[in-house]
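Student: Sequence first, then the predicted structure, then my questions.
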Amino acid sequence: MEGFSPPRIVHVAETGSTNADAARLGLAGEALPLWVVADTQTGGRGRAGRQWVSQPGNLHASLAFRSMAPMAQAGQLSLIAGIAIIDAVRTTMDLAPETELRLKWPNDILIGFAKAGGILVESTSFREGSGFLAVLGFGLNLVTFPEAVGRNAVALADYGAPPSPRALIANLSERVGFWLDRWAEGANFSVLRQAWMDRAGPVGEPIVVNTEAGPLAATYEGLAETGALLANVDGVIREINYGDVALIGEIARDGDT
């Protein structure tokens, strides 16, 4: 996706959801790519419809663009978004040396075992033309973090001077374009697979996968060629396409709070 910079930025002081705004504008025929950035979200959403608490000073932003990839591979965009946000933070911020900034499948940004942000990717078909509308939503705790979210959270400001949302978006936009080029509309996921694993936790890390059938104790074994999670469950490597993943250290720390 050469020439993916700089997308137009629509800034609002407050909105319900930047993802919803970006999707509405994209479907209404606005020129793409397009960012929607809000100072505050009142109805931010996380994965599986969970509420995303959005406080002033943090990043609440969504990027809408037309993708020509097969719709079956739209889920890989969440992994691309994760790679890009890690790169953008590392480029725009002088992180303290001990900072363990990393990804957790499929869409969490962590520092150690604490959540620093999340990604919500949504897609829908256009009424006219080819391809589909992709919306990459980013929420990142730059200066503050929510106190009551049912889990351990952290802000980047605890590990150095965080960038402004505008500065971060400028770099994030460039990194999304860079990795979309290499993804090549889904034809070259192998490059993205390794890049994502390089920014995630170590292979063999104990995890719990919460599936519809109940929790599964496992170890993280990387990503499949499709982008699915590879988990070792009782000595059998399984591909997990949907489910929440919790790290054992994350569970222990949450239990102490």
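Tutor: Yep, that arrived. Computed from a predicted structure; not experimentally measured.
Student: show me what contacts residue 167?
Tutor: The contact partners of residue 167, by C-beta atoms under 8 Å, 6 or more residues apart in numbering, come to residue 92. Backbone N, C-alpha and C define where each C-beta goes, glycine included.
Student: distance of it from residue 152?
Tutor: To residue 152, residue 167 is 27 Å away according to C-beta to C-beta, to the nearest Å.
Student: How about residue 113?
Tutor: From residue 113 to residue 152 the distance is 6 Å (C-beta to C-beta).
Student: now the helices for the stretch 51-200 of the chain?
Tutor: Assigned by DSSP state H, counting those that start in this stretch, the stretch 51-200 of the chain shows helices spanning 76-92, 165-183, 189-198.
Student: which of these is buried the deepest?
Tutor: A comparison of those by mean neighbour count, using mean count of other C-beta atoms under 10 Å, puts helix 76-92 on top with a mean of 23.
Student: Quick one: mean pLDDT for the lengthiest strand in the chain?
Tutor: Under DSSP state E, the strand in the chain containing the largest number of residues is strand 114-125. Strand 114-125 shows a mean pLDDT of 95.
Student: and it, what does it pack onto?
Tutor: Applying 3 or more C-beta pairs under 8 Å, 6 or more residues apart in numbering; DSSP states H and E, one finds that strand 114-125 makes contact with helix 18-27, helix 76-92, strand 108-111, strand 132-140.
Student: and of these, who's closest to residue 68?
Tutor: strand 132-140 (8.4 Å; C-beta to C-beta).
Student: For the closest one, list the C-alpha coordinates in CSV.
Tutor: Presented in CSV, the C-alpha positions along strand 132-140 are these (Å, rounded to 0.1, in the frame of the first residue of the first chain):
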residue,chain,number,x,y,z
PHE,A,132,-14.0,-4.2,2.0
LEU,A,133,-13.9,-1.4,4.5
ALA,A,134,-11.3,-2.1,7.2
VAL,A,135,-11.3,-0.2,10.5
LEU,A,136,-8.4,-0.5,12.8
GLY,A,137,-9.2,0.9,16.3
PHE,A,138,-6.4,1.7,18.8
GLY,A,139,-6.7,2.4,22.5
LEU,A,140,-3.5,3.1,24.4
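Student: Now do that strand against helix 165-183: the angle between them, please.
Tutor: 140 degrees (axes from the mean of the first three to the mean of the last three C-alpha atoms, to 10 degrees).
Student: Could you spell out the sheet neighbours of strand 132-140, each with its direction?
Tutor: Its sheet considered, strand 132-140 pairs with strand 59-67 (antiparallel), strand 114-125 (antiparallel) by DSSP bridges.
Student: Buried residues, the last one. List them.
Tutor: Buried residues in strand 114-125, counting neighbours by 16 or more other C-beta atoms under 10 Å, are found at 114-123.
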